[in-house]
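Student: the sequence isn't on hand, but the structure is:
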């Protein structure tokens with residue numbers, strides 16, 4: 001399977017943000033060195049790409065155009081490993097892998113310092129969406145992991161690793177109770193009739209092609225898409241008063257939430273950042289009401305990351321039935337009082353559908 005020189009191309013795919021890549025690079029470099037030794041022990045030479053950039057202080061692929069450039073210069077039949085130790089945008093390498101003819105391995109660092117395993121699953125789902133054959137491997141100790149090394153050897157020799165799937169069963173073979181069957185059919189009929197609209201902000205901005213689902217298929221099951229825009233969310237946040245945002249924060253503190261406040265906005269959590277999160281919470285709730293959404297998905301990456309504080313706190317608050325009231329600015333009525341406003345993380349429709357059903 002390998003080229004005549006028994007070389008394997010090891011590609012470090014990364015985040016779009018250079019600052020994140022710089023922070024994660026030490027762990028990635030450590031993983032590269034370990035994997036290099038693993039392949040050497042099996043008789044293979046590793047060619048790591050891209051080269052380390054002294055100015056950027058990392059050696060990650062950070063754009064799709066950089067990924068396509070790399071693939072244009074390597075043997076299209078050579079074995080390729082995408083090494084993942086942190087969050088990475090799958091589309092950076094997906095287009096190159098679509099036309100690559102050689103074996104493809106997605107290799108994730110199971111260490112929990114950075115989300116390498118999450119990135120592996122994202123890449124795998126993206127490649128599956130694009131019908132690109134590939135293999136997945138992961139470990140935390142690599143060369144000390146005998147199971148991992150055995151599978152890595154198998155991939156080197158055959159270009160694939162076959163996993164035991166005997167624990168999986170076909171849904172067609174399952175037996176469910178008459179009550180469950182009746183409930184499912186009634187729910188499906190109700191959804192088809194009345195619909196469950198899914199609000200998705202700027203789909204794909206996190207590099208997750210797997211987060212996109214064909215609108216025709218979603219519409220056919222009664223879950224049409226409402227495509228929303230991040231810039232409009234920021235505009236809506238500007239319409240939320242400081243008083244409303246402070247009231248939300250006060251509510252959290254009264255409920256027992258604790259904040260590790262600092263004074264340096266470049267290193268610490270400061271008051272203004274949390275107020276911004278409170279405004280996003282109100283803005284998302286207003287969106288949900290205005291567009292009649294069954295769920296909303298905010299991907300906090302390209303776009304929002306340059307404009308506002310992180311969305312995590314707002315997302316968690318939305319998904320909780322015990323949360324501060326948000327009033328519709330037009331009618332003055334409280335939106336979904338005492339109920340969660342379903343939010344699907346990272347704008348991933350694949351998460352949104354089951355969340356709505358639950």
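Tutor: It's in. Since the model is a prediction, treat every value here as computed from it, not as a measurement.

Student: what segments of the stretch 1-150 of the chain are strands?
Tutor: Here the stretch 1-150 of the chain has its strands, by DSSP state E, counting those that start in this stretch, at 7-12, 45-49, 80-84, 104-109, 135-139.

Student: please identify the deepest-packed of the ones you listed.
Tutor: Among the strands of the stretch 1-150 of the chain, strand 80-84 has the highest mean neighbour count (mean count of other C-beta atoms under 10 Å), at a mean of 26. C-beta here means a position set from N, CA and C on the backbone, and glycine is covered the same way.

Student: which strands and helices sit next to it?
Tutor: Applying 3 or more C-beta pairs under 8 Å, 6 or more residues apart in numbering; DSSP states H and E, we find strand 80-84 packed against strand 7-12, helix 18-41, helix 91-98, strand 104-109, helix 116-129.

Student: these into TSV, with extra columns for distance to residue 293?
Tutor: Output for these, formatted as TSV (distance: least, C-beta to C-beta, whole Å):
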stretch	distance to residue 293
strand 7-12	38
helix 18-41	30
helix 91-98	26
strand 104-109	34
helix 116-129	24
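
Student: now those in CSV, with mean pLDDT and distance to residue 202?
Tutor: Below are the helices and strands packed on strand 80-84 laid out as CSV (pLDDT from 0 to 100; distance: least, C-beta to C-beta, whole Å):
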stretch, mean pLDDT, distance to residue 202
strand 7-12, 97, 26
helix 18-41, 95, 19
helix 91-98, 96, 14
strand 104-109, 96, 25
helix 116-129, 91, 17
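
Student: which stretch among these comes nearest residue 345?
Tutor: Closest approach to residue 345 among the helices and strands packed on strand 80-84 (C-beta to C-beta): helix 116-129, 11.0 Å.

Student: what's the closest one packed up against?
Tutor: Contacts defined by 3+ C-beta pairs under 8 Å, 6+ apart place helix 116-129 against strand 80-84, helix 91-98, strand 104-109, strand 135-139.

Student: among the ones you listed, which is nearest residue 206?
Tutor: Closest approach to residue 206 among the helices and strands packed on helix 116-129 (C-beta to C-beta): helix 91-98, 9.4 Å.

Student: who are the packing partners of that closest one?
Tutor: Helices and strands touching helix 91-98, by 3+ C-beta pairs under 8 Å, 6+ apart, are helix 64-72, strand 80-84, helix 116-129.

Student: can you give me how far the shortest one is from the chain middle?
Tutor: Meaning strand 80-84. Relative to its chain's centre, strand 80-84 lies at 18 Å (C-alpha atoms, centre = their mean, to the nearest Å).

Student: for it, give the mean pLDDT please.
Tutor: Strand 80-84 shows a mean pLDDT of 97.

Student: paired strands for it, with orientation please.
Tutor: strand 7-12 (parallel), strand 104-109 (parallel) (DSSP bridges).

Student: so what touches it?
Tutor: Applying C-beta atoms under 8 Å, 6 or more residues apart in numbering, the external contacts of strand 80-84 come out as 8-13, 28, 31-32, 35, 74, 93, 97, 100, 102-109, 116-117, 119-120, 123.

Student: that strand to helix 18-41, inter-axis angle?
Tutor: 130 degrees (axes from the mean of the first three to the mean of the last three C-alpha atoms, to 10 degrees).

Student: just put the helices and strands packed on helix 116-129 in CSV and tack on distance to residue 153.
Tutor: Below are the helices and strands packed on helix 116-129 laid out as CSV (distance: least, C-beta to C-beta, whole Å):
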stretch, distance to residue 153
strand 80-84, 14
helix 91-98, 22
strand 104-109, 12
strand 135-139, 11
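
Student: which one of these lies closest to residue 309?
Tutor: Here helix 91-98 is closest among the helices and strands packed on helix 116-129 (C-beta to C-beta), at 25.7 Å.

Student: let me know which of the helices and strands packed on helix 91-98 is tucked in deepest.
Tutor: Taking mean count of other C-beta under 10 Å, strand 80-84 is the most buried of the helices and strands packed on helix 91-98, at a mean of 26.

Student: returning to that earlier point: in JSON lines: the strands of the stretch 1-150 of the chain, plus distance to residue 266.
Tutor: Formatted as JSON lines, those follow (distance: least, C-beta to C-beta, whole Å):
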{"stretch": "strand 7-12", "distance to residue 266": "28"}
{"stretch": "strand 45-49", "distance to residue 266": "33"}
{"stretch": "strand 80-84", "distance to residue 266": "29"}
{"stretch": "strand 104-109", "distance to residue 266": "29"}
{"stretch": "strand 135-139", "distance to residue 266": "35"}
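
Student: all the helices of the stretch 201-350 of the chain, in order from the start?
Tutor: Assigned by DSSP state H, counting those that start in this stretch, the helices in the stretch 201-350 of the chain fall at 215-220, 230-238, 242-254, 271-290, 312-318, 349-357.

Student: going by neighbour count, which residues in the fourth one are buried?
Tutor: So the one you mean is helix 271-290. Within helix 271-290, the residues scored as buried using 16 or more other C-beta atoms under 10 Å are 274-289.

Student: pick the one among these closest to residue 185.
Tutor: Among the buried residues of helix 271-290, and counting by C-beta to C-beta, the member closest to residue 185 is residue 288, at 27.8 Å.

Student: residues in contact with the closest one?
Tutor: Per C-beta under 8 Å, 6+ apart, neighbours of residue 288: 199, 296, 335, 336, 341.
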